[in-house]
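In: A structural model of the following input is requested.
(chains A, B, C and D)
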Number of protein chains: 2
Amino acid sequence: MARVQRDGGDDSAPTTELPAVRDQGPPAVNGRANGRGAPMPADKVRAIPEAAVARLAVYLRVLSGMAEQGAVTVSSEELATAAGVNSAKLRKDLSYIGTYGTRGVGYEVDVLTSEIERVLGLTRQQKVAVVGIGNLGHALANYGGFPGRGFPVEALFDVDPDLIGIPVGGLPVNHIDDIPDICAKRKIAIGVIATPPTAAQAVCDRLVEGGVHCVLNFAPVVLQVPEHVEVRKVDLAIELQILSFHVARNAEQRVSRRTAAARASSNGEVV
Amino acid sequence: MARVQRDGGDDSAPTTELPAVRDQGPPAVNGRANGRGAPMPADKVRAIPEAAVARLAVYLRVLSGMAEQGAVTVSSEELATAAGVNSAKLRKDLSYIGTYGTRGVGYEVDVLTSEIERVLGLTRQQKVAVVGIGNLGHALANYGGFPGRGFPVEALFDVDPDLIGIPVGGLPVNHIDDIPDICAKRKIAIGVIATPPTAAQAVCDRLVEGGVHCVLNFAPVVLQVPEHVEVRKVDLAIELQILSFHVARNAEQRVSRRTAAARASSNGEVV
DNA sequence: ATCTGTGAAATCCTTCACAGCG
DNA sequence: CGCTGTGAAGGATTTCACAGAT
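Out: Numbering: from 1, shown residues only, chains lettered A, B, ... in the order given. Reported below is the predicted structural model:
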């Protein structure tokens, strides 16, 4: 067995679930007295909230846009607006990675950029394998935007014999049976699953076998993985259904507001 | 100008409000007059946490898989495991939509399925438009899996003159200038943006002009939208960067654990 | 005996608001 | 004076743990 169910998505949503750092010490839980003002032992890089990590990636993108336009410094207010958050949240997020701002002025775009890159581990390249070279797999393999050259695609896999050996985006397609071998040899860090749902779990197992610890899953299934493996999912159906919920909710709100208005007006009230 | 920055991504938003079920408006939307499952006090039917909505969609998928395999009832523990959450969370989530379980037994698969569908608004069809018919757009337009017949794709748009008029997945491509008109005429509920980042904001503005209130954004930009519009984003780059963060973190943990172990063993401690 | 439904506690995240630096 | 950095307050979400139904 040894399978643990976890998901990364959405998360999201928000939903983003943290890898449960479950330390089940026999005695009490760790006194999480995170010494605030006290400088913490450099040993322990303190946890950055999962939600903040996701936003740091957004800030990074916004910053790179600003750099292109020649911006040298930026205030928390500007950056926050461009990133779609409020400025208090942005400052709090940045405070998790250190203090790189100048009071009365703002942040230097390039300093902030490289600090975020450092925290996100973007200074090393993470090799990516894409499994499932259908419509979506093609899109992913060609995604010039596997962005900022931090995530080179270094292996492609499919079952279809007609695809094996064919180069896609300059890289030949291998058979999924070779996943464990090839991933291990090429030291693939991240596996992207773009297969039909029925194949996804088997593919995932082989990726794990090949030493892959991080999986990005586009297949509409919940993957079961061992504890040390991190899965994030991108799920079209679920995104649509969440939007659907909001449509329904808004429709109902509109109805009940209209009813209220009608009732009020028939009472001579002003709404 | 009245742009409000919000994003739908995997961040958590305040809990969404469900319609106040006040007195019966017109024939109205909330047919929650189910005699069998206990609805729940009208003034308590207020809000379903955003995070729970996302998971309800997951449960729905797991349930449909179970139904296919002939399952009639399911316990919270089984369903939770299959969905990758713990059972307390699952039960809490289900409690937001009513009480449809049987103590000592579990839930009936078909009852639960239709109740979740009802809450998510999947009883009505939501028409979808896809903008940007590149690799990804193709994948989306052909996605037989715009799943469970709840989300028919009813309009396609692109700028490329060579594409206009060409049918993709049985539907002709229109020019993006026609977005407002066509969306309004066909009563599109959800717009999916699969354009290059530079075009995304303009496309989004036109969708909103056409009366679209929900947007699913695949372009790597933060969209600015009016308040009444709901945006969710799917961002490959950000997903990869979040995974990258976990790679980095795990690497550090592994290092520090090794150091700790070394230190401990040189002290004769047991780890 | 088993499994749901749910208050209450614990945890995680966001927002406020202001001290303090440049 | 303007803007950052951050305790503290306020919410939201998750987990606990158990009463109660079958």
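In: And A:A52, how far from DNA strand D?
Out: A:A52 is 11 Å from DNA strand D, where distance means C-beta to the nearest atom of the strand, to the nearest Å. Just so you know, the C-beta spots here come from the backbone N, C-alpha and C atoms, and that holds for glycine as well.
In: Count the neighbours of that residue for me.
Out: The tally of other residues near A:A52 (other C-beta atoms under 10 Å in any protein chain shown) stands at 19.
In: so how far is A:F245 from it?
Out: 26 Å (C-beta to C-beta, to the nearest Å).
In: List the contacts of the spatially closest residue to A:N174 that is not a sequence neighbour.
Out: The shortest distance from A:N174 to any residue that is not its chain neighbour, by C-beta to C-beta, 6 or more residues apart in numbering or on different chains, is 5.3 Å, and that residue is A:F157. Listed by C-beta atoms under 8 Å, 6 or more residues apart in numbering or on different chains, the contact partners of A:F157 are A:129-133, A:173-176, A:178-179, A:182, A:203.
In: Could I get the phi/psi values of the nearest residue to A:K187 once chain neighbours are set aside?
Out: For A:K187, ignoring the flanking residues on the chain, the nearest one in space by C-beta to C-beta, 6+ apart is A:K127 at 6.1 Å. When quoted as degrees, to the nearest 10, the phi and psi of A:K127 stand at phi -80, psi 140.
In: Let me see the contact set for A:K127.
Out: A:K127 makes contact with A:F151, A:P152, A:E154, A:A155, A:R186, A:K187, A:I188, A:A189, A:I190, according to C-beta under 8 Å, 6+ apart.
In: switch to 7 Å and redo it
Out: With contact taken as C-beta atoms under 7 Å, 6 or more residues apart in numbering or on different chains, A:K127 is in contact with A:P152, A:E154, A:R186, A:K187, A:I188, A:A189.
In: can you give me how far the one helix or strand A:A57 maps to is from the chain middle?
Out: When elements are assigned from DSSP states H and E, A:A57 belongs to helix A:50-68. The chain centroid and the centroid of helix A:50-68 are separated by 12 Å under C-alpha atoms, centre = their mean, to the nearest Å.
In: at contact distance from chain B, anything in the strand or helix carrying A:E252?
Out: A:E252 belongs to helix A:236-266 when elements are defined using DSSP H and E. Yes - using C-beta under 7 Å from any C-beta of the partner chain, helix A:236-266 reaches chain B at A:236-253, A:255-256, A:259.
In: cool, stretch A:220-227 as well?
Out: Yes - against chain B, stretch A:220-227 shows contacts by C-beta under 7 Å from any C-beta at A:P220, A:V222.
In: tell me how far the ends of that stretch are from each other?
Out: Across stretch A:220-227, the straight-line distance between its terminal residues is 21 Å, by C-alpha to C-alpha, to the nearest Å.
In: Show me what counts as buried in it.
Out: Going by neighbour count (16 or more other C-beta atoms under 10 Å in any protein chain shown), the buried part of stretch A:220-227 is A:P220, A:V221, A:V222, A:L223, A:Q224, A:V225.
In: Briefly note if it comes near DNA strand D.
Out: No - using C-beta under 7 Å from any atom of the strand, stretch A:220-227 never reaches DNA strand D; the gap is at least 14.0 Å.
In: sorry, back to before: so which of the contacts of A:K127 belong to strands?
Out: The members of these that map onto strands under DSSP state E are A:E154.
In: Return the subset of the contacts of A:K127 lying in helices.
Out: The helices in this structure, assigned by DSSP state H, contain A:R186 from the contacts of A:K127.
In: Show me which of the contacts of A:K127 is closest to chain B.
Out: Within the contacts of A:K127, the smallest distance to chain B is 5.7 Å, found for A:A189 (C-beta to the nearest C-beta).
In: And that closest one, how far from DNA strand C?
Out: As judged by C-beta to the nearest atom of the strand, A:A189 and DNA strand C stand 24 Å apart.
In: and the closest residue to A:D235 other than its chain neighbours, what pLDDT?
Out: Distances taken as C-beta to C-beta, 6+ apart put A:P220 closest to A:D235, at 5.7 Å, once the chain neighbours are dropped. According to the prediction, A:P220 has pLDDT 94.
In: Cross-check the contact I'm expecting between A:P220 and A:V234.
Out: No - judged on C-beta atoms under 7 Å, A:P220 makes no contact with A:V234 at a distance of 9.8 Å.
In: just to revisit the earlier point, could I get the average pLDDT for the helix holding A:A57?
Out: In this model, helix A:50-68 has a mean pLDDT of 97.
In: ok, residues contacting the next helix or strand along the chain from that helix?
Out: Secondary structure here is assigned by DSSP H and E; on that basis, the next helix or strand after helix A:50-68 toward the C-terminus is strand A:73-74. The list of residues contacting strand A:73-74 from outside it, by C-beta under 7 Å, 6+ apart, reads A:M66, A:V105, A:G106, A:Y107, A:E108, A:V109.
In: Tell me if the helix or strand just after strand A:73-74 is near DNA strand D.
Out: With elements assigned by DSSP H and E, the helix or strand that comes after strand A:73-74 is helix A:76-83. Yes - on the criterion C-beta under 7 Å from any atom of the strand, helix A:76-83 is in touch with DNA strand D at A:S76, A:E77.
In: Name the next helix or strand downstream of helix A:76-83, please.
Out: Taking DSSP H and E as the definition, the helix or strand that follows helix A:76-83 towards the C-terminus is helix A:87-95.
In: Give me the helices and strands touching the helix or strand following that following helix, please.
Out: Elements were assigned by DSSP H and E; along the chain past helix A:87-95, the next helix or strand is strand A:101-102. Packed against strand A:101-102, as judged by 3 or more C-beta pairs under 7 Å, 6 or more residues apart in numbering or on different chains; DSSP states H and E, are no other helices or strands.
In: list the contacts for A:I116?
Out: Taking C-beta under 7 Å, 6+ apart as the definition of contact, the neighbours of A:I116 are A:L56, A:Y59, A:L60, A:I97.
In: Could you give the backbone dihedrals for the closest residue in space to the third one that isn't next to it in sequence?
Out: Yep, that's A:L60 we're talking about. Once flanking residues are discounted, A:L60 sits nearest to A:I116: 4.9 Å by C-beta to C-beta, 6+ apart. The phi and psi values for A:I116, taken as degrees, to the nearest 10, are phi -70, psi -40.
In: Now do A:P14, the pLDDT please.
Out: Reading off the per-residue confidence, A:P14 sits at a pLDDT of 34.
In: which residue packs closest to A:Q126, ignoring adjacent ones?
Out: The shortest distance from A:Q126 to any non-neighbouring residue, by C-beta to C-beta, 6+ apart, is to A:A189 (4.1 Å).
In: Surely A:H228 touches A:C214?
Out: No - the pair A:H228 and A:C214 fails to qualify as a contact (C-beta under 7 Å) at a distance of 10.2 Å.
In: More neighbours: those two, which one.
Out: Higher neighbour count among A:H228 and A:C214: A:C214, with 26 against 11, using other C-beta under 10 Å.
In: Of the contacts of strand A:73-74, just say which sits nearest to DNA strand C.
Out: The shortest gap between DNA strand C and any of the contacts of strand A:73-74 belongs to A:V105, at 6.6 Å (C-beta to the nearest atom of the strand).
In: and the closest residue to the closest one other than its chain neighbours, how far is that from A:K92?
Out: If you skip the residues right next to it in sequence, A:V105 has A:T73 as its closest partner in space, 6.1 Å away by C-beta to C-beta, 6+ apart. Noted for A:T73: a distance of 20 Å to A:K92, by C-beta to C-beta.
In: Alongside DNA strand C, which residues does the stretch 51-200 of chain A contribute?
Out: The stretch 51-200 of chain A comes close to DNA strand C at residues A:A51, A:A52, A:V85, A:N86, A:A88, A:K89, A:R91, A:K92, A:T102, A:R103, A:G104, A:V105, as judged by C-beta under 7 Å from any atom of the strand.
In: switch to 6 Å and redo it
Out: Residues of the stretch 51-200 of chain A lying near DNA strand C by C-beta under 6 Å from any atom of the strand: A:A51, A:A52, A:N86, A:A88, A:K89, A:K92, A:T102, A:R103, A:G104.
In: Let me know the secondary structure of A:G211.
Out: Classification of A:G211 using DSSP: H, G, I helix; E, B strand; the rest coil returns coil.
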